[in-house]
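I would like the atomic coordinates for the input below:
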Amino acid sequence: MSIIIIAVLAFVTAISLGVYVNQKFPNKGELKGNTSPDHVTALNDAAILALASEHQEGISVAAVCLASKASAIEVKKKMEALREQGLLYLNVDENGAEKYALTDTSLLSSKNKNRIRK
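All right, here's what the predicted structure looks like:
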């Protein structure tokens, strides 16, 4: 019976020590350095146009936000500037979703062009 009590006490002590260390040093086991995803792109004209070229139906502000980690306000301004320059056009679908699509359809990726032909 005493062996069981000793084992339980040792187990409780180990768990308590682990909880204490995690609370005292919360970031100790995390990786440092490159913590951002590899797919994050800079918010510039070329990156937005490249993303739009991959989507025949257009891209939303939210999609660019996720790809660039930029704010929605910043992305909206950038995409509106590209629309004013004639590089993108704004399409509102039947659900009211705003998507920006390329005006130059020759830039659409070949993967998407083949999907459209089928």
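
quick one: low-confidence ranges for this protein?
Scanning the chain for pLDDT under 70 picks out 21, 25-41, 109-118.

Once you drop chain neighbours, what's closest to L102?
With C-beta to C-beta, 6 or more residues apart in numbering as the criterion, L102 has its nearest non-adjacent residue at 5.0 Å, and that residue is A52. Every C-beta, even on glycine, is put in place using the N, C-alpha and C of the backbone.

where's that neighbour, which helix or strand?
For A52, the host element (DSSP states H and E) is helix 45-53.

Show me where this structure has its strands.
Taking DSSP state E as the criterion, the chain contains strands spanning 88-92, 98-102.

which secondary structure elements does the first one contact?
The one in question is strand 88-92. Helices and strands touching strand 88-92, by 3 or more C-beta pairs under 8 Å, 6 or more residues apart in numbering; DSSP states H and E, are helix 45-53, helix 72-84, strand 98-102.

in the last one, what's buried?
Translated: strand 98-102. Neighbour-count burial for strand 98-102, counted by 16 or more other C-beta atoms under 10 Å, picks out 99-102.

Now distance to Q56 too, for the residues you listed, in a markdown table please.
Shown next, in a markdown table, are those (distance: C-beta to C-beta, whole Å):
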| residue | distance to Q56 |
| --- | --- |
| K99 | 10 |
| Y100 | 12 |
| A101 | 8 |
| L102 | 9 |
